[in-house]
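> Pasting the sequence and the predicted coordinates here, then a few questions.
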Amino acid sequence: MASTNNNISSGLNLTSDFFLKNFYKYNRNAIKTSVRDDYTKPELSYEDSRALKHAAAKLASFEYTEDENGPNIVSTIQAFVKTYNNTIESTSSDSYDTYRQNRQLKALTKKYGDDLKDIGISIENDGTLSVSDNILKGSSFKEIHKVFSDESDYVRNIRTIAKRMNSSSCDEIYAQMTGSGGRLNIVL
């Protein structure tokens, strides 16, 4: 719901946790801080990049009009930021392909830093994002549409990079399982 000045309202219908669980729908354990240490970097990279792809797709699916459900847009963006940060952390591995895509994702986000800042999302020194809920909730649909709509190059490129990250992570996991080029040597 929007207020009379075309800003997103402050009430929330669905929580960011709801959307976060939806983004990680294939492996919800990967969002639990206490369990993330049990995963290898490639496993986390695989789950996080897959979730990031889902998050970008969800954000691109909104219409960003006064008729759209504003509180859910805010919650989705908050969950996107968490997913993005998880992805940045897990893809900083020693795999060249995944690390290269991590740098591409950071560069892409830096390119859109001013647009993100306008809606309350700042880029930290390590490339992760932080969100100011007050600024985000006060942002207009037009400002958010500019960054996260299906017409946005930012969202399209995030989906592309996340897809490549996911594929690279899958290859890395496979290599470790088969012993080809990985540290694991499984003999049956």
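Cool, the structure landed. Numbers count the residues shown, from 1 in each chain.

> Helices of the chain, start to end?
16-23, 33-36, 41-61, 70-90, 96-111, 113-118, 133-138, 141-148, 153-178 (DSSP state H).

> Residue 125 is nearest to which of those?
When the helices of the chain are compared by C-beta to C-beta, helix 96-111 sits nearest residue 125, at 10.9 Å. Quick note: C-beta positions are derived from backbone N, CA and C, even for glycine.

> which other residues reach the closest one?
42, 45, 84, 87-88, 91-93, 116, 123, 127, 129, 154, 157-158, 161-162, 164-165, 168-169, 171-172 (C-beta atoms under 8 Å, 6 or more residues apart in numbering).

> Just the local confidence number for residue 172, please.
We have a pLDDT of 84 for residue 172.

> can you give me the end-to-end distance of stretch 116-133?
Terminal residues of stretch 116-133 lie 13 Å apart, using C-alpha to C-alpha, to the nearest Å.

> give the contact list for the most centrally placed residue in the chain.
The centre of the chain sits closest to residue 84, judged by C-alpha atoms, centre = their mean, with a distance of 3.1 Å. By C-beta under 8 Å, 6+ apart, the contact set of residue 84 is 52, 55, 105, 109, 128-129.

> just to revisit the earlier point, are any of the contacts of helix 96-111 buried, and which?
Buried members of those, counted by 16 or more other C-beta atoms under 10 Å: 42, 45, 84, 87-88, 91-93, 116, 123, 127, 129, 154, 157-158, 161-162, 164-165, 168-169, 171-172.
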